[in-house]
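Student: mind looking at a prediction? Sequence and model below.
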Amino acid sequence: MTILRLEEVSKKFGALTVAEQISFAVGEGEALGIIGPNGAGKSTLFNLITGNIAPDSGTIHFSGADVTRVAPMVRCLSGMGRTFQIPQPFEQLTVFENLLVAGSFGAGRQESEVSDRCAEILVDTGLIDKANVLAGGLTLLQRKRLELARALATEPKLLLLDEIAGGLTEGECRSLVATIRAIHAKGVAVIWIEHVLHALNSVVERLLVLHFGRVIGIGTPDEIMASREVREIYLGIEV
Amino acid sequence: MSLVVPSWQVETRNKTSAPFGLAAVATVLLAFAVPLLVSRGVVQDLFFILTMLVLAQNWNLLAGYAGLISVGQQAFVGFGAYAMFACVILFGADPLVAVLIAGVLSMLLAIPTAFFTFRLQGPYFAIGTWVIAEVVRLLLAQWKALGGGTGTSLPREATRDMIGVGLMRDLFGMKASAAGDALTYWIALILMVLTVGFVYGLLRSKQGLGLAAVRDNEQAARAVGVNARRMKAFVYLAASFITGIAGALIYVQKARISPDAAFSVTDWTAYVIFIVVIGGIGTVEGPIVGVILFFFLQNLLAGYGSWYLLMLGLIGILVMLFAPRGLWGLFSDRTGIQLFPVRRLLRGGSLNRAHKGVPHG
């Protein structure tokens, strides 16, 4: 069963093609990594999937329904959770309240039904000590964790992670990978954009390589890493 | 079994909530008795304070909670007032019934208004609301049956025979004019209590939490499933309904209307913003502190002509610079006292031991 399917999705900003005939599918409970050089269109691809940008052509199916023209809010309600590359916390709300919003609205429940779950997510993501602190006062690292925690609170079937491991120390990265593996183990499908390859490869089953808005490779991490084209473009290795 | 199962609780109340609640009920009950105890002048002053507080709570709801910074709320004050005059003069309605109709009509006016202004963001929204207020003023100034540009007065018998005035004359032996003042005062008091109750109830609800998320970051709010547009539209319509009622009620008491007064940006928006800003934007307490301060400043500086506005402006700037969250914000940060707490604080589990006295953000 596929949870997400893109068919020939294209998008241009003026003369610049940011997505060209992108087609791929993600199975239920699968983890897919997306890599590519800066400016390859990775975040744009995320915004196309979540509905923040409308494609010029092509279709996007999520959970068996055509969502190509569906608003981001509705996609969230049908089970799509996302993080932003540049964290976007609700700064005047506390960390716990940030999760309460996501939990009650994103999962369509009452506050009292989701408060325990939100607290447990804070424990899992290591933010519990900051529960009653205003989100505006968090460090970048904590903001990235909050992005993940807030996305989880919406009870997603598909979790879209946009560069959340960047800038972490080795130890922090390991704990983040463990958190994401645990989420994935519960059957949540994950699409993860990341530059930290070893973190990515320890979670995902397949890798997708983007270059100038085109998919230039999709396969298991070993296959992708062995590909000559990928090594030249992405890793910058002359072969 | 030594296994500790963390159990979580969410708290919003704090130690000042209960005594304050009792004090608030006592104050409101006392306020109901005021017209029987004090002179007409005091009743009129209190009426002014109450109606300004209603307007301030509404503006605070728009700007402080929904991020809708309007400088055109005089559109709804003036439109509500004119709608009330039209009902009374053209259709012979009782002024108090007309006040309710005016609220409904103001809300209807907000629908086309929102259609235009909601396409605008930030400062453009603010300017858009002002433009619309001017348009409504210019249109109503053409209405000859209501006095056109020079305005008109409510017929004497309309206020004299208002519902309840006769009863109060018999019950308390009041003159018709005093009874009219007392009646409008009581309605203003009820309106104020209902408005504060509505705003606080909204903020404590799930919708209030969503509203705060929309104010802080609309894109992220949509991404977690909040219907930002519907939320803002609801607040905008509710504020225009209450503002329309307040406007109509103010002009039942004034009994004389003109387009320039009813759509005055100074009286119904600039003063209201001043009240909210010096009191503390984004809190229920702020406008209450602000309106009391505003009333005393107005009386203190009334004799100084245009210096009065200069002084208000100067005070506003100083507060914005040195206490950006207003005087209540300053007080609340220092003391931790919140009379209308809305924060959802997580308690329980490991938090009980590690973090006992977390400040209120």
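Tutor: Okay, I see it.
Student: how about the helix or strand of chain A with the lowest mean pLDDT: buried residues?
Tutor: Within chain A, no helix or strand scores below helix A:228-233, which has a mean of 79 by mean pLDDT, DSSP states H and E. Buried positions in helix A:228-233, judged by neighbour count with 16 or more other Cβ atoms under 10 Å in any protein chain shown: A:Val230, A:Ile233. No exception for glycine: its C-beta is placed from N, CA and C like everyone else's.
Student: for that helix, packing partners?
Tutor: The contact analysis (3 or more Cβ pairs under 8 Å, 6 or more residues apart in numbering or on different chains; DSSP states H and E) places helix A:228-233 against strand A:206-211, strand A:214-219.
Student: quick one: low-confidence residue ranges for chain A.
Tutor: Applying pLDDT under 70 to chain A flags the ranges A:234-239.
Student: which helix runs longest in it?
Tutor: Of all the segments of type helix in chain A, defined by DSSP state H, the longest one is helix A:170-185.
Student: what are the contacting residues of that helix?
Tutor: Helix A:170-185 is contacted by residues A:29, A:31, A:124-126, A:141, A:145, A:148, A:152, A:159, A:161, A:164-165, A:168, A:190, A:192, A:196, A:199, A:202-203 when judged by Cβ atoms under 8 Å, 6 or more residues apart in numbering or on different chains.
Student: before we move on, what about stretch A:205-216?
Tutor: A:11, A:17-24, A:30-37, A:40-42, A:44-45, A:200-201, A:217-221, A:224, A:227, A:229-230, A:233-234.
Student: please redo it, this time with the cut-off set to 6 Å
Tutor: A:17-20, A:22, A:30-36, A:40-42, A:217-218, A:221, A:224, A:230, A:233 (Cβ atoms under 6 Å, 6 or more residues apart in numbering or on different chains).
Student: pull the distance from stretch B:223-238 to the chain's centre.
Tutor: A distance of 19 Å separates the centroid of the chain from that of stretch B:223-238, by Cα atoms, centre = their mean, to the nearest Å.
Student: ugh, wrong one, stretch B:106-117
Tutor: With Cα atoms, centre = their mean, you get 18 Å for stretch B:106-117.
Student: kindly report the same for stretch B:32-43.
Tutor: Stretch B:32-43 sits 22 Å away from the centroid of its parent chain (Cα atoms, centre = their mean).
Student: how far does it stretch from start to finish?
Tutor: 11 Å (Cα to Cα, to the nearest Å).
Student: name the residues that touch it?
Tutor: Residues outside stretch B:32-43 that contact it (Cβ under 6 Å, 6+ apart): B:Ala178, B:Asp181, B:Ala182, B:Tyr185.
Student: just the closest of the residues you listed to B:Phe47, please.
Tutor: B:Tyr185 (4.7 Å; Cβ to Cβ).
Student: contacting residues for the closest one?
Tutor: With the criterion set at Cβ under 6 Å, 6+ apart, B:Tyr185 makes contact with B:Pro35, B:Val43, B:Phe47.
Student: ok, and the most crowded of these?
Tutor: Counting neighbours by other Cβ atoms under 10 Å in any protein chain shown, B:Pro35 leads these with 25 neighbours.
Student: all the helices of chain A, residue numbers only.
Tutor: Taking DSSP H as the test, the helices found in chain A are A:42-50, A:72-77, A:95-101, A:111-124, A:140-153, A:170-185, A:197-201, A:221-226, A:228-233.
Student: and the ones you listed, which is most packed in?
Tutor: Among the helices of chain A, the stretch with the highest mean neighbour count (mean count of other Cβ atoms under 10 Å in any protein chain shown) is helix A:95-101, at a mean of 29.
Student: and the closest residue in space to A:Phe105 that isn't next to it in sequence, what helix or strand is that in?
Tutor: Nearest residue to A:Phe105, sequence neighbours excluded (Cβ to Cβ, 6 or more residues apart in numbering or on different chains): B:Gly225, at 4.2 Å. Per DSSP states H and E: B:Gly225 is located in neither a helix nor a strand.
Student: I'd say A:Ala31 and A:Val190 touch.
Tutor: Yes - under the criterion of Cβ atoms under 6 Å, A:Ala31 makes contact with A:Val190 at 4.2 Å.
Student: now do the contacts for the closest residue to A:Lys12 other than its chain neighbours.
Tutor: Among residues not flanking A:Lys12 along the chain, A:Asp56 sits closest, at 6.0 Å (Cβ to Cβ, 6+ apart). Shown in contact with A:Asp56 (Cβ under 6 Å, 6+ apart): A:Ser10, A:Lys11, A:Lys12.
Student: got the residues of the stretch 1-150 of chain B near chain A?
Tutor: Neighbours of chain A within the stretch 1-150 of chain B, by Cβ under 6 Å from any Cβ of the partner chain: B:Trp8, B:Val10.
Student: quick one: the helices in the stretch 1-150 of chain B, in order.
Tutor: B:17-37, B:40-60, B:74-91, B:95-117, B:122-140 (DSSP state H, counting those that start in this stretch).
Student: tabulate those helices (JSON lines), appending mean pLDDT.
Tutor: Shown next, in JSON lines, are these (pLDDT from 0 to 100):
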{"stretch": "helix B:17-37", "mean pLDDT": "88"}
{"stretch": "helix B:40-60", "mean pLDDT": "95"}
{"stretch": "helix B:74-91", "mean pLDDT": "95"}
{"stretch": "helix B:95-117", "mean pLDDT": "95"}
{"stretch": "helix B:122-140", "mean pLDDT": "94"}
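Student: which of these sits most buried?
Tutor: Taking mean count of other Cβ under 10 Å, helix B:74-91 is the most buried of these, at a mean of 26.
Student: what angle separates it from helix B:40-60?
Tutor: If you take axes from the mean of the first three to the mean of the last three Cα atoms, to 10 degrees, helix B:74-91 sits at 120 degrees to helix B:40-60.
Student: which strands and helices sit next to helix B:74-91?
Tutor: With contacts taken as 3 or more Cβ pairs under 6 Å, 6 or more residues apart in numbering or on different chains; DSSP states H and E, helix B:74-91 sits against helix B:95-117, helix B:122-140, helix B:228-254.
Student: what's it in contact with?
Tutor: With contacts defined as Cβ under 6 Å, 6+ apart, helix B:74-91 is touched by B:93, B:95, B:98-99, B:101-102, B:105-106, B:109, B:132-133, B:136, B:140, B:146, B:158, B:240, B:243-244, B:247-248, B:251, B:257, B:262-263, B:265, B:268-269.
Student: tell me what angle it forms with helix B:95-117.
Tutor: Put simply, helix B:74-91 runs at 140 degrees to helix B:95-117, going by the same axes, to 10 degrees.
Student: how far off centre is helix B:74-91?
Tutor: That offset, for helix B:74-91, works out to 19 Å (Cα atoms, centre = their mean).
Student: do the same with stretch B:270-277
Tutor: 11 Å.
Student: how does chain A divide into domains?
Tutor: Domain assignment for chain A by automatic domain parsing gives A:1-79+A:156-239, A:89-155.
Student: so which of these gets nearest B:Thr195?
Tutor: Proximity to B:Thr195 (Cβ to Cβ) singles out domain A:89-155 among the domains of chain A, at 22.5 Å.
Student: and the closest one, end to end?
Tutor: Domain A:89-155 end-to-end distance (Cα to Cα) = 18 Å.
Student: tell me the mean pLDDT for the longest helix seen in chain B?
Tutor: Longest helix of chain B, by residue count under DSSP H: helix B:176-204. Taken as a whole, helix B:176-204 has a mean pLDDT of 92.
Student: list of residues touching the next helix or strand after that helix?
Tutor: Per DSSP H and E, the first helix or strand lying C-terminal to helix B:176-204 is helix B:206-216. Around helix B:206-216, the neighbours that count as contacts under Cβ under 6 Å, 6+ apart are A:90-93, A:101, A:104-105, A:111, B:65-67, B:202, B:221, B:226, B:228, B:231.
Student: go again with 8 Å.
Tutor: Contact partners of helix B:206-216, identified using Cβ under 8 Å, 6+ apart, comprise A:89-93, A:97-98, A:100-101, A:104-105, A:110-111, B:64-67, B:202-203, B:220-221, B:224, B:226-228, B:231-232, B:234-235, B:342, B:344.
Student: okay then, goodbye and thanks.
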